[in-house]
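Asks: have a look; sequence and predicted model below, questions after that.
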Amino acid sequence: MTDSKYFTTTKKGEIFELKAELNSDKKEKKKEAVKKVIASMTVGKDVSALFPDVVNCMQTDNLELKKLVYLYLMNYAKSQPDMAIMAVNTFVKDCEDPNPLIRALAVRTMGCIRVDKITEYLCEPLRKCLKDEDPYVRKTAAVCVAKLHDINAQLVEDQGFLDTLKDLISDSNPMVVANAVAALSEIAESHPSSNLLDLNPQSINKLLTALNECTEWGQIFILDCLANYTPKDDREAQSICERVTPRLSHANSAVVLSAVKVLMKFMEMLSKDLDYYGTLLKKLAPPLVTLLSAEPELQYVALRNINLIVQKRPEILKHEMKVFFVKYNDPIYVKLEKLDIMIRLASQANIAQVLAELKEYATEVDVDFVRKAVRAIGRCAIKVEQSAERCVSTLLDLIQTKVNYVVQEAIVVIKDIFRKYPNKYESVIATLCENLDSLDEPEARAAMIWIVGEYAERIDNADELLESFLEGFHDESTQVQLQLLTAIVKLFLKKPTETQELVQQVLSLATQDSDNPDLRDRGYIYWRLLSTDPVAAKEVVLAEKPLISEETDLIEPTLLDELICHIGTLASVYHKPPSAFVEGGRGVVHKSLPPRTASNESTESPETAPAGAPSGEQPDVIPSQGDLLGDLLNLDLGPPVSGPPLATSSVQMGAVDLLGGGLDSLIGAPNFVTPPAATVPANLGAPMGSGLSDLFDLTSGVGALSGSYVAPKTIWLPAMKAKGLEILGTFTRQVGSISMDLQLTNKALQVMTDFAIQFNRNSFGLAPAAPLQVHAPLSPNQTVEISLPLNTVGSVMKMEPLNNLQVAVKNNIDVFYFSTLYPLHILFVEDGKMDRQVFLATWKDIPNENEAQFQIRDCPLNAEAVSSRLQSSNIFTVAKRTVEGQDMLYQSLKLTNGIWVLAELRIQPGNPSFTLSLKCRAPEVSQHVYQAYETILKN
């Protein structure tokens, strides 16, 4: 008969009857009564009144009855602490029972009774059980220590239980080892500062030995513990990996993921040149693929983890694309995750397969999935350039299906493809315009408006199309309104005579009839820009846009490294660090991957780099922001205004224009007010903290002092592009000062005056240190040479290429823009010689992937000549040695923003080709440093 009968009783006076049965002399009746009590407790009835009677039943040899009584005890000890003390005596007795099952049961229950009054009585029985001869009792006692620590941490420490736990790691029984590790890990998590799991090669060896014989959950505890260990070198890392690899074939997916976590972490320390590294990559793929044949919920967890693994090491699964193809009966959450991984693994080799699949998915019935599939086709085009054409034709086929939501997604995606590959696929615009009326989603409407505005000159009826959107301007979402405003301004700048009314209409809608501050502000900026300087407006609004990057949705590298350390936990499913979702952050430790070490390097990597070493420097080169030429909006190249400050006057001017309402002046040329000769805009000169004497030194003579190599002047701005003004120039560095040497020639028929210059934000903050001083008016056919001192305290923004400098020069005729590339060696500072020891430590400290190698050909110099020539340009030789007939020069240089570059130059006497290896924390600098080497050595 089943136990259900205990739950179906409706008697009155039940407690009284149960009390009588519990005190019966018959063992069977007692057991029946206790079962009834447990049944009542399970369905939520209060049977705490029976506490003394149930506790009396503890004195029995029957294991089943004892278990039931202990279950009751755990539940009610909290509400009856005084009564619970009665049970202590039995616990002490049971802990010495000849039957190990009873000893273990007693110790397990002791850990579950969370009553302060009782805990101190339980220390002695627990101490005995920790040293019990039976491993089953020891493993149960190990977990009990963790439970006791949670109730009263101080007591556990005072009683020395933690040391006993540490000793259990060396136990002969693998299950005891696993539970000891689990208990210590649990305690360590709540006390991150305490170094409880003091892992060393000996204890790691014991854990690895226990790993083979544990139960599956024991294996998980041990693997998670191993993942927190940092091996001392790559040999130890390889040895651990070899012993953990067999776990990859375990039936339990949690064991597999824990093993993957350990291997992913320790692979960081293995050199990619090792044969074992390649073998390990091959071994990691099959277990991950096997996880995808489990039930959908497990598949989802596996896919979220695979997503991280693919971002870190795509080579593991690059040949396994087919397993991520979607099955018809996959739940939507699995489908979307698979789709994401397919795109991450897409490459030139498999793109045909992937596109055929995606096209198939785009005809499914599940709307969310179809949308994501269409987006995926666009992401493939952006990621794999060779497939772009095929992707565009696939998208056009999908547009022909006329399925509304497919068409809308396709248009959003094609906009991105235009951004990535300008002037390549614009022939499809006509097809897109045919579907204009069917667009009802804000994102698709905004994308279509952007396309019409961007390519207005190719669309005959662009003004009509944009006007049709303008009719319901106030009903559109903000995204569409902003896009429409910009598109109409672009159209106006391309076709000013035909669209003047249209631009006036949209500007008044945006500025006067709108409540949205973003829209109003953008409207006012365009209005002022158009009414004061249409040329600048053209430069700003129609500026060349930077190409969009292929992977915008990758997880940021430091977060990815942390998540790799949490594979197989909730963090890897949420793709968030534990601190983001664990309340209070108690016990949350930030984990990171170990530093990569190559096998040929010494292991004595210094903990902290000495004073001169750029250990934690973050390069200033990095802030990459928005549109580059757009920044020329900030150029204030107007003449100085006497009286009120410049800002006020420009606002007043804008206000007059706006109130006047007329935009007729837009089509005419801008009028600059001519200031008196020889005045220079006050707002252009940077403060000259260095004193005027430096300035006179620099401007008085060119090339008087010996310094780094100076390239001959080249034409920066041809006269045809600057209304007769021709500018030639070069850059120099002498005694710590950078200057721009300019030659201005007037090839126009009128006198040129009022020169001023300003730089756009650039990678190294180059800016004029003084105004551009042309002391007399520049007559027709006259040439003047000027040396403009520069400093590096301007605004910083990463440029493409890194050494690109955008310049605006103004005179009484107009403002002219040009860009030039400056040689990086003008930024090499005089204190760039690094101490030998610091050089050695820094070279080891910079990751191997930051190293770049280059060949310098056709250079007939010997090592001494090379060293002295480079030294004159502030590239210093730290050490020199000869290895197998090759001269090795170890060199250092430092850029103005504090970035250090370390170099190794290999010179074979008699061979005109040198090998240059560069290491730097900002690897994007290396290519330009190499170009500087070439320039200096060959000129």
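Replies: Okay, I see it. Residues are numbered from 1 along each chain as shown.
Asks: count of residues packed around the closest residue to Leu554 other than its chain neighbours?
Replies: Nearest non-adjacent residue to Leu554, counting by Cβ to Cβ, 6 or more residues apart in numbering: Gln311, 5.9 Å away. (C-beta placed from N, C-alpha, C; glycine too.) By the criterion of other Cβ atoms under 10 Å, Gln311 has 18 neighbours.
Asks: in stretch 837-854, what's buried?
Replies: For stretch 837-854, the neighbour count (16 or more other Cβ atoms under 10 Å) marks Val838, Phe839, Leu840, Ala841, Thr842, Trp843, Lys844, Asp845, Ile846, Glu851, Ala852, Phe854 as buried.
Asks: with respect to Ile411, which of those is nearest?
Replies: Ala852 (41.0 Å; Cβ to Cβ).
Asks: now do that closest one against Asp273, distance only.
Replies: From Ala852 over to Asp273 the distance is 17 Å, taken as Cβ to Cβ, to the nearest Å.
Asks: what's the answer for Ala487, then?
Replies: From Ala487 to Asp273 the distance is 53 Å (Cβ to Cβ).
Asks: Pro296 too?
Replies: Pro296 is 40 Å from Asp273, by Cβ to Cβ.
Asks: try Val115
Replies: In terms of Cβ to Cβ, Val115 sits 60 Å off from Asp273.
Asks: more neighbours, these two?
Replies: Val115 (16 against 10).
Asks: am I right that the more buried one is in contact with Ser79?
Replies: No. Taking contacts as Cβ atoms under 8 Å, Val115 lies outside contact range of Ser79: 9.9 Å.
Asks: hey, C-alpha coordinates of stretch 453-469 in CSV?
Replies: This file holds the C-alpha atoms of stretch 453-469, laid out as CSV (Å, rounded to 0.1, in the frame of the first residue of the first chain):
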residue,chain,number,x,y,z
GLY,A,453,18.8,61.9,-48.4
GLU,A,454,22.2,60.3,-48.7
TYR,A,455,21.7,59.5,-52.4
ALA,A,456,19.4,62.4,-53.4
GLU,A,457,21.5,63.3,-56.4
ARG,A,458,20.8,59.8,-57.9
ILE,A,459,17.0,59.9,-57.3
ASP,A,460,15.1,62.2,-59.6
ASN,A,461,12.1,62.6,-57.5
ALA,A,462,13.9,62.7,-54.1
ASP,A,463,12.1,66.0,-53.1
GLU,A,464,8.7,64.4,-53.8
LEU,A,465,9.5,61.3,-51.8
LEU,A,466,10.7,63.3,-48.8
GLU,A,467,7.7,65.7,-49.1
SER,A,468,5.4,62.7,-48.9
PHE,A,469,6.9,61.8,-45.4
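Asks: number of nearby residues for Lys894?
Replies: Count around Lys894 with other Cβ under 10 Å applied: 22.
Asks: swap that for Ile555, sorry
Replies: Using other Cβ under 10 Å, Ile555 is surrounded by 17 other residues.
Asks: that one falls within a strand, correct?
Replies: No. Membership of Ile555 in a strand is not supported by DSSP: H, G, I helix; E, B strand; the rest coil, which gives coil.
Asks: ok, and the closest non-adjacent residue to it?
Replies: Gln311 (6.0 Å).
Asks: in three-state terms, label the one you found for me.
Replies: helix.
Asks: could you do Met888 as well?
Replies: strand.
Asks: once you drop chain neighbours, what's closest to it?
Replies: Met888 sits nearest to Arg881 (Cβ to Cβ, 6+ apart), 5.3 Å away.
Asks: you'd agree the one you found is in a strand?
Replies: Yes. With three-state DSSP as the criterion, Arg881 is located in a strand.
Asks: any idea how far Gln311 is from it?
Replies: Distance of Arg881 to Gln311, given as Cβ to Cβ: 41 Å.
Asks: ok, now Tyr361?
Replies: For Tyr361 relative to Gln311 (Cβ to Cβ), the value is 22 Å.
Asks: now swap in Glu471 and tell me
Replies: Relative to Gln311, and taking Cβ to Cβ, Glu471 is found at 46 Å.
Asks: before we move on, what about Ile332?
Replies: Distance from Ile332 to Gln311, counting by Cβ to Cβ: 22 Å.
Asks: show me where the protein has strands.
Replies: For the chain, strands defined by DSSP state E occupy the ranges 714-717, 725-734, 737-746, 756-759, 767-768, 783-791, 804-810, 815-821, 851-856, 876-883, 886-894, 900-907, 914-920.
Asks: next, name the residue at the spatial heart of the chain.
Replies: Glu556 (0.9 Å; Cα atoms, centre = their mean).
Asks: tally of neighbours for the residue nearest to Met888?
Replies: Count around Arg881 with other Cβ under 10 Å applied: 9.
Asks: you'd agree it is up against Glu904?
Replies: No. At 10.5 Å, Arg881 does not count as touching Glu904 under the criterion of Cβ under 8 Å.
Asks: anything in contact with each of those two?
Replies: Contact with both Arg881 and Glu904 is made by residues Met888, according to Cβ atoms under 8 Å, 6 or more residues apart in numbering.
Asks: any chance you could map the helices in the stretch 651-800 of the chain?
Replies: 692-700 (DSSP state H, counting those that start in this stretch).
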